[in-house]
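Participant: Whatever this is, show me its structure:
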Amino acid sequence: MSLNVGSEGETEAVSPDDPAEASVSSPPSPAPGGPRRGGGGMLLVILLGLAGAGWYERGPILDVLGYGSPADGEPAAPADKGTDKADTGTVTLDGAGRDRLGLASGTAETRPIVLPIRAPGTVAFDERRVAHLKPRSQGRVLSLAVQPGDRVKAGEVLATLDAAGILDARNGLASAEAALGEAKASEAAAALQLKRGQDQLKFGGVAQAEVERRQVDLAKAQAAVKSAQASADMYRAQYQRLAPAEGAAPGTGTIVAPFAGVVTTVGVTLGEGVDTARDAFTVADPSRILVLANLYSPDIARVKAGDPATVEAPVPGHPPFSGRVGAINAALDPATNAAPARIEIANPDDLLRANMFVSVTIAADLGRSGVTIPASAVQQTEQGPIAFLRTGPDTFQRRNLTLGIQRADWVEVKAGIAAGDSVATAGSFGLKAILLRGLLGSTD
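Facilitator: Below is the predicted model of the structure:
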């Protein structure tokens, strides 16, 4: 027995091949002129009572699904204008029924399987764009030109020092240059003595041994010149490194910014004596910044360098920032048991600041393709997920699904639907309700 719902919402039981039902629905009439027998009428009353009791029991359930009987005095709502076949899992709906459900369709397609992985993250400066500046020599701080948060340009003076080391370097350079001049004079004298000895040797003016001694003296003088030259070069480089800026007072040194950026820390105070072992300033370039996303197993194996990422930050009115995964730390953080993924983000307006908490979504390409359908096409049942395959203009067939990766916009189907199949999307919940009504009706 099947349920046929006509265009006017009338339902009738059709079983032309069942003689038993035919006898129930059409009891035999008494013979003309003969006595009327009451057995058929009594049987009809009993059957009507049982049918009423069955409808009463199913009524609350169908009311919840939206297919119950109308209240007393209310007109009957139009039926679904379709047929539900519980034995085959097929639902038939005409155009009016599809419009009432708001039914729409989508197509199963093959696409690369990309899994969005969400992770908490922290903004940090790129270590390659951070400079820890130390004084080049011991001294006392004469002036401070910046404070934390100030933007600086490349070569800008951050502090001036009264550096005694500069005077030492200058005096050392002067002494080394004097020694170099003396060594060169000795070399020239030794070379002259050797030449004279060689000339006198030709007519016997000197012995051969004297000429050889003078050759040794020249070699020593040449070695002394090289040593003095090396010492002078060392002091010259030292003095050039420590020399005061153009226009500065003699004996003073400066600390300058190596590149354009922001001063993040200042480690010295005015008048303080400083040495070369302590950071005086830290300057960072925030134009490109890092986001460290904490990945946990098994996401660590899914994400790889080059995967695109979006970063949502607490910046009012700003869309998510875009970047790519640069690398994934090979070691886990012992405090969180997570592997930080380094994501480089362009930050031209300095909206992202170090130590800011953000939310990261990484599009992890799993390296394979699969059949996918819109997520709205999937309905959950006690037997598992299902979808309704459109087999004709008015027919939809239930299909049991085996799902893979599930996203908010689409899901991967490993079994149950093939690429190119048309499935019901919006309104598919109504198809499930009609199918459940057919299943309830089949238990009468």
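
Participant: Contact partners for the residue most central in space within the chain?
Facilitator: For the chain, the residue whose C-alpha lies nearest the mean C-alpha position (Cα atoms, centre = their mean) is Ile362; its distance is 2.5 Å. When contacts are counted by Cβ atoms under 8 Å, 6 or more residues apart in numbering, Ile362 is found next to 116-119, 293, 303, 307-309, 325, 341, 343. From N, CA and C alone the C-beta is placed, and that goes for glycine too.

Participant: Of the residues you listed, just say which sits nearest to Leu389.
Facilitator: Distances from these to Leu389 were compared by Cβ to Cβ; the smallest belongs to Pro116, at 27.2 Å.

Participant: Which residue comes closest to the closest one once chain neighbours are left out?
Facilitator: Thr361 (5.4 Å; Cβ to Cβ, 6 or more residues apart in numbering).

Participant: Let me know the secondary structure of that neighbour.
Facilitator: Assigned by DSSP: H, G, I helix; E, B strand; the rest coil, the conformation of Thr361 is strand.

Participant: And the one 10 residues further on, by the same measure?
Facilitator: In the three-state summary, Val371 is assigned as strand, counting by three-state DSSP.

Participant: circling back to that earlier point, ok, the residue nearest to Pro116 to Asp162 distance?
Facilitator: Thr361 is 54 Å from Asp162, where distance means Cβ to Cβ, to the nearest Å.

Participant: What of Ala260?
Facilitator: Using Cβ to Cβ, one obtains 28 Å as the distance from Ala260 to Asp162.

Participant: So these two - more neighbours on which side?
Facilitator: For Ala260 against Asp162, the residue with the higher neighbour count under other Cβ atoms under 10 Å is Asp162, and the figures read 17 against 14.

Participant: How about the more buried one: what's its closest non-neighbour residue?
Facilitator: Taking Cβ to Cβ, 6+ apart as the measure, Asp162 lies nearest to Arg140, with 4.6 Å between them; neighbours along the chain are not counted.

Participant: Using the record, which stretches count as separate domains in the chain?
Facilitator: In the domain annotation for the chain, the residue ranges read 3-80, 83-115+368-437, 164-250 (automatic domain parsing).

Participant: what's the neighbour count on the residue nearest to Trp410 when sequence neighbours are not counted?
Facilitator: For Trp410, the nearest residue in space outside its immediate sequence neighbours is Thr372; the separation is 4.5 Å by Cβ to Cβ, 6+ apart. By the other Cβ under 10 Å criterion, the neighbourhood of Thr372 contains 23 residues.

Participant: so what's Thr372 up against?
Facilitator: Listed by Cβ under 8 Å, 6+ apart, the contact partners of Thr372 are 108-111, 113, 410-413.

Participant: Please name the bridge partners of it.
Facilitator: Thr372 has these beta-bridge partners by DSSP bridges: Glu109, Glu412.

Participant: Could you measure from it over to Ala207?
Facilitator: Distance, Thr372 to Ala207, by Cβ to Cβ: 104 Å.

Participant: Check for me that Leu201 belongs to a helix.
Facilitator: Yes. With three-state DSSP as the criterion, Leu201 is part of a helix.

Participant: quick one, what contacts the residue nearest to it when sequence neighbours are not counted?
Facilitator: With sequence-adjacent residues excluded and distances taken as Cβ to Cβ, 6+ apart, Leu201 is closest to Val211, at 5.3 Å. When contacts are counted by Cβ under 8 Å, 6+ apart, Val211 is found next to 194, 197-198, 201.

Participant: Among those residues, name the buried ones.
Facilitator: Neighbour counting with 16 or more other Cβ atoms under 10 Å marks 194, 197 as buried within the contacts of Val211.

Participant: Tell me the pLDDT of the residue nearest to Leu201.
Facilitator: According to the predicted model, the pLDDT of Val211 comes to 86.

Participant: From Ala188, how far off is it?
Facilitator: When distances are taken as Cβ to Cβ, Val211 and Ala188 turn out to be 18 Å apart.

Participant: now swap in His318 and tell me
Facilitator: As judged by Cβ to Cβ, His318 and Ala188 stand 74 Å apart.

Participant: Please apply the same query to Ser359.
Facilitator: Distance from Ser359 to Ala188, counting by Cβ to Cβ: 77 Å.

Participant: what distance separates the start and the end of stretch 142-151?
Facilitator: 21 Å (Cα to Cα, to the nearest Å).

Participant: Likewise for stretch 241-254?
Facilitator: Between the opening and closing residues of stretch 241-254 there is a gap of 10 Å (Cα to Cα).

Participant: ditto for stretch 122-138
Facilitator: Using Cα to Cα, the span of stretch 122-138 from its first residue to its last is 37 Å.

Participant: May I ask which helix or strand of this structure has the lowest mean pLDDT?
Facilitator: The element with the least model confidence among the helices and strands of the chain, by mean pLDDT, DSSP states H and E, is helix 19-25, at a mean of 34.

Participant: Pretty sure Ala163 sits against Ala169.
Facilitator: No. Taking Cβ atoms under 8 Å as the contact criterion, Ala163 and Ala169 are not neighbours in contact, 9.2 Å apart.

Participant: Need the residues touching each of the two.
Facilitator: Contacts common to Ala163 and Ala169, judged by Cβ under 8 Å, 6+ apart, are 137, 242.
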